[in-house]
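Colleague: make a model of this:
(chains A and B)
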Amino acid sequence: MNTFQIVRLIGEAPKEFLNGIETSLLTRMAFFGDKDGKNIRPGIEELVRQTKFCKRSIVQALSGLTKKNIITDVSKRGRGSHKVSCYEINVSLLSEKVVFSKEYLKSFKAELKDNYNELPPLSSAPHALDSSAPHALDSSAPHALDNLENENIWCTTCTTSSAPHALDSSAPHAPLPYTPHLEPIKNQSIVEFDANPTFVFSEKESPKISKKKNWKIEIGEVFDYWRKVMNRERSKIDKKRTAKIISALEHGFTVDELKRAVDGAKSSPFHRGQNDRGVIYDSIDLIFRNPEKIETFICILGTQASPKNKNVSTGLKLGFVERQKSQVNMLRKMGDKYFPHLSDNPKVENNVTNLLTSRQENKVNEQK
Amino acid sequence: MNKSEIYDKIIWIYKIPEIILENIVSREKLKNFPSHVKEGLVFKILETLSQYFSVVPDYYYDKNSDSYENIEDMDGINATLTIWLNGLGDLSVSKIIDGLLDILNMKTEYQKWPPKSVMQFHAVCKSIRPCQYHEINTRALKSINDYNSTIKSEKIAEDTLREMYKVLGKDYDKLKGERLKNASI
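Modeller: Modelled structure (predicted):
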């Protein structure tokens, strides 16, 4: 084994197996050790200096590599000892992974080939996928394709190049991945992968929700209702507002449900200004922000019961009259407890009021 | 409500001086009542005063008849009671009791029970007490130290109330039982 070969193995290892940080760290570490990937004794500070990663990330990467058994710490040092750490790269494991990835690629290419054959024959194609194809997909060339992107590039370049590729040629036609392969494609490739959907490598994004349906009537209805309920006659339809209502309608809410949500916002005292800030929250943006909000407002309309004492429910300070009333009631309870014969009935109040009225009448008569 | 019941309520106010002067409810006992009993007592006195005696100053009727009506409609509380409570709102219960005792002992210039108006009563309550009251207070504090727990003081209060009701010609325990029954219903 050579250090360069180890580095090559590291480079060819699948991305799922090794991180970006891990690969760069391993490559650096490979140069510190012997040819077999042993006796690697760099300090963490040295690694930090060379890789230009932060210390924490390097420590994490080292721990990750040890967990994956790519690296083994040979120096059996205990906790707190000042021994230098000595690492070994597990080359056999790396080579296994690379072989596995190569086999996987081969199988995938075979599938590709089968699909390719099913295509209608392209008369103008110079690279017919026969045995005389310049790039035999099962070639044992050292520069086997690493990934699909490279393959794509490879093919496009080949179409442009006029040089014939001999079959089973051991000569590397281009070193990968160091040489710049990405030439600007002047002539359009004849083999178009877009001809069949099976060759579309990059998945297209799913199309957005179409706004083909005309929601004009519904939007107008909901907006008018909101304006009427919230007493906002001056407000007008805006792009934002329409977008919010459309999104609500597209989520599957009916116009009646949206109206109920508006009613819920109207009925909740918190949103009508009985909060710590004393601000009214009744905008369309809030009510139809998302389906969750709409559902909550509908629920509020269903569940809310009128509280006996509004100030108690909201947690605000009591007003003068209510404070006095509560105080009086409390004192009355005290008095009733210890002075039972003075306890009042509802009849008493009537009598008292009668007494008061009679007294007032007397006063009026006197004035006359 | 029967006339007899109304009479009972009114007579209670007239008999307060008798009760206190005959030492059925002594001053020290009255002062050592638990705070909630004291509050209840003061409230009941003020309530009965406001209900059955013309203790509201006349200018409430003469000058601002509209405002009086407004006060009367104040969420079910009697207008006169609110006036009384507002008038004595800045005073503590102990001070009100001191003022009450002052009036009963004929130590004020008004020398009449029941008091004529809130202003009078307020002036009596707010006046600076002579030194003898201080002595009484110290004694009261000593007695409180003797009966540290509130339960004991409550028991004493109930005993004194029983005696008070005997003067009024009623059974305290029976009335209380009836009251509790009504409350539960």
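
Colleague: quick one, what contacts the nearest residue to B:Arg179 once chain neighbours are set aside?
Modeller: Among residues not flanking B:Arg179 along the chain, A:Pro340 sits closest, at 4.0 Å (Cβ to Cβ, 6 or more residues apart in numbering or on different chains). Backbone N, C-alpha and C define where each C-beta goes, glycine included. Contacts of A:Pro340 were listed using Cβ atoms under 8 Å, 6 or more residues apart in numbering or on different chains, and they are B:Tyr172, B:Leu175, B:Lys176, B:Glu178, B:Arg179.

Colleague: please enumerate the helices of chain B.
Modeller: B:3-21, B:27-31, B:35-52, B:59-62, B:65-72, B:79-87, B:93-104, B:118-126, B:131-146, B:150-168, B:172-184 (DSSP state H).

Colleague: now the ones you listed in JSON lines, with mean neighbour count and mean pLDDT?
Modeller: Shown next, in JSON lines, are the helices of chain B (neighbours: other Cβ atoms under 10 Å in any protein chain shown; pLDDT from 0 to 100):
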{"stretch": "helix B:3-21", "mean neighbour count": "15", "mean pLDDT": "78"}
{"stretch": "helix B:27-31", "mean neighbour count": "18", "mean pLDDT": "74"}
{"stretch": "helix B:35-52", "mean neighbour count": "21", "mean pLDDT": "81"}
{"stretch": "helix B:59-62", "mean neighbour count": "14", "mean pLDDT": "48"}
{"stretch": "helix B:65-72", "mean neighbour count": "14", "mean pLDDT": "47"}
{"stretch": "helix B:79-87", "mean neighbour count": "20", "mean pLDDT": "72"}
{"stretch": "helix B:93-104", "mean neighbour count": "20", "mean pLDDT": "78"}
{"stretch": "helix B:118-126", "mean neighbour count": "19", "mean pLDDT": "79"}
{"stretch": "helix B:131-146", "mean neighbour count": "12", "mean pLDDT": "56"}
{"stretch": "helix B:150-168", "mean neighbour count": "16", "mean pLDDT": "81"}
{"stretch": "helix B:172-184", "mean neighbour count": "13", "mean pLDDT": "77"}
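
Colleague: relative to A:Lys35, which of those is closest?
Modeller: When these are compared by Cβ to Cβ, helix B:150-168 sits nearest A:Lys35, at 92.3 Å.

Colleague: between the helices of chain B, which one is closest to A:Thr27.
Modeller: Once the helices of chain B are compared by Cβ to Cβ, helix B:150-168 is nearest, at 82.7 Å.

Colleague: I'd like the distance between A:Arg289 and B:Gln120.
Modeller: 64 Å (Cβ to Cβ, to the nearest Å).

Colleague: same check on A:Leu65?
Modeller: 95 Å.

Colleague: kindly report the same for A:Tyr87.
Modeller: In this view, A:Tyr87 and B:Gln120 are 100 Å apart by Cβ to Cβ.

Colleague: residues in contact with A:Phe297?
Modeller: A:Arg260, A:Ala261, A:Val262, A:Gly264, A:Ala265, A:Ser268, A:Ile287.

Colleague: element containing the fifth one?
Modeller: Following DSSP states H and E, one finds A:Ala265 within helix A:255-267.

Colleague: which residues are in contact with whatever helix or strand comes next after that helix?
Modeller: Next along the chain after helix A:255-267, taking DSSP H and E as the criterion, comes helix A:284-287. For helix A:284-287, the external contacting residues (Cβ under 8 Å, 6+ apart) are A:223, A:226, A:240-241, A:244-245, A:261-262, A:265, A:271, A:293-294, A:297.

Colleague: contacting residues for residue 44?
Modeller: If you meant another chain, say so; for now it's chain A. Taking Cβ under 8 Å, 6+ apart as the contact definition, A:Ile44 lies against A:Lys55, A:Ile58, A:Val59, A:Leu62.

Colleague: ah, no, chain B please
Modeller: B:Lys44 is in contact with A:Gly335, A:Phe339, A:Leu342, counting by Cβ under 8 Å, 6+ apart.

Colleague: go again with 10 Å.
Modeller: Residues in contact with B:Lys44 (Cβ atoms under 10 Å, 6 or more residues apart in numbering or on different chains) are A:331-332, A:334-336, A:338-339, A:341-343, B:9, B:12-13.

Colleague: roughly how far does the residue lying closest to A:Arg272 once chain neighbours are set aside sit from chain B?
Modeller: Sequence neighbours aside, A:Ile280 is the residue nearest to A:Arg272 in space, at 6.0 Å (criterion: Cβ to Cβ, 6+ apart). A:Ile280 is 27 Å from chain B, where distance means Cβ to the nearest Cβ, to the nearest Å.

Colleague: can you pull the contacts of A:Ile280?
Modeller: By Cβ under 10 Å, 6+ apart, the contact list for A:Ile280 reads A:Met230, A:Ala265, A:His271, A:Arg272, A:Gly273, A:Gln274.

Colleague: about what we covered before: helices and strands around the helix holding A:Ala265, which ones?
Modeller: When contacts are defined as 3 or more Cβ pairs under 10 Å, 6 or more residues apart in numbering or on different chains; DSSP states H and E, helix A:255-267 packs onto helix A:216-229, helix A:239-250, helix A:284-287, helix A:291-303.

Colleague: and the angle for it with helix A:239-250?
Modeller: For helix A:255-267 against helix A:239-250, the angle by axes from the mean of the first three to the mean of the last three Cα atoms, to 10 degrees is 120 degrees.

Colleague: CA atoms only: put helix A:255-267 into CSV for me.
Modeller: Output in CSV follows, covering the C-alpha atoms of helix A:255-267 (Å, rounded to 0.1, in the frame of the first residue of the first chain):
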residue,chain,number,x,y,z
VAL,A,255,-67.1,29.9,3.8
ASP,A,256,-69.4,29.2,6.8
GLU,A,257,-66.5,27.9,8.8
LEU,A,258,-64.4,30.9,8.1
LYS,A,259,-67.4,33.1,9.1
ARG,A,260,-67.6,31.1,12.4
ALA,A,261,-63.9,31.7,12.9
VAL,A,262,-64.5,35.4,12.5
ASP,A,263,-67.3,35.2,15.1
GLY,A,264,-65.0,33.4,17.4
ALA,A,265,-62.4,36.1,17.2
LYS,A,266,-65.2,38.6,17.9
SER,A,267,-66.5,36.7,20.9
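
Colleague: what residues of it count as buried?
Modeller: Buried residues in helix A:255-267, defined by neighbour count with 16 or more other Cβ atoms under 10 Å in any protein chain shown: A:Val255, A:Glu257, A:Leu258, A:Lys259, A:Arg260, A:Ala261, A:Val262, A:Asp263, A:Gly264, A:Ala265, A:Lys266, A:Ser267.

Colleague: I'd like the mean pLDDT over that helix, please.
Modeller: Here helix A:255-267 scores 89 as its mean pLDDT.

Colleague: taking helix A:216-229 as reference, get the angle to that helix.
Modeller: Interaxial angle, helix A:255-267 versus helix A:216-229 (the same axes, to 10 degrees): 20 degrees.

Colleague: number of residues surrounding A:Val74?
Modeller: Using other Cβ atoms under 10 Å in any protein chain shown, the number of residues around A:Val74 comes to 14.

Colleague: what confidence value was assigned to it?
Modeller: We note a pLDDT of 83 for A:Val74 in this prediction.

Colleague: residues contacting it?
Modeller: Going by Cβ under 10 Å, 6+ apart, A:Val74 touches A:Lys38, A:Asn39, A:Ile40, A:Arg41, A:Ser85, A:Cys86, A:Tyr87, A:Glu88.

Colleague: now swap in A:Lys97 and tell me
Modeller: Applying Cβ under 10 Å, 6+ apart to A:Lys97 gives the contacts A:Leu9, A:Glu12, A:Ala13, A:Pro14, A:Glu16, A:Phe17, A:Leu18, A:Lys68, A:Ile70.

Colleague: cool, A:Asn2 as well?
Modeller: A:Asn2 is in contact with A:Arg8, A:Ala30, A:Lys35, A:Asp36, counting by Cβ under 10 Å, 6+ apart.

Colleague: distance of it from A:Gly33?
Modeller: Plainly put, A:Asn2 is 12 Å away from A:Gly33 if you go by Cβ to Cβ.

Colleague: what of B:Trp84?
Modeller: According to Cβ to Cβ, B:Trp84 and A:Gly33 sit 98 Å apart.
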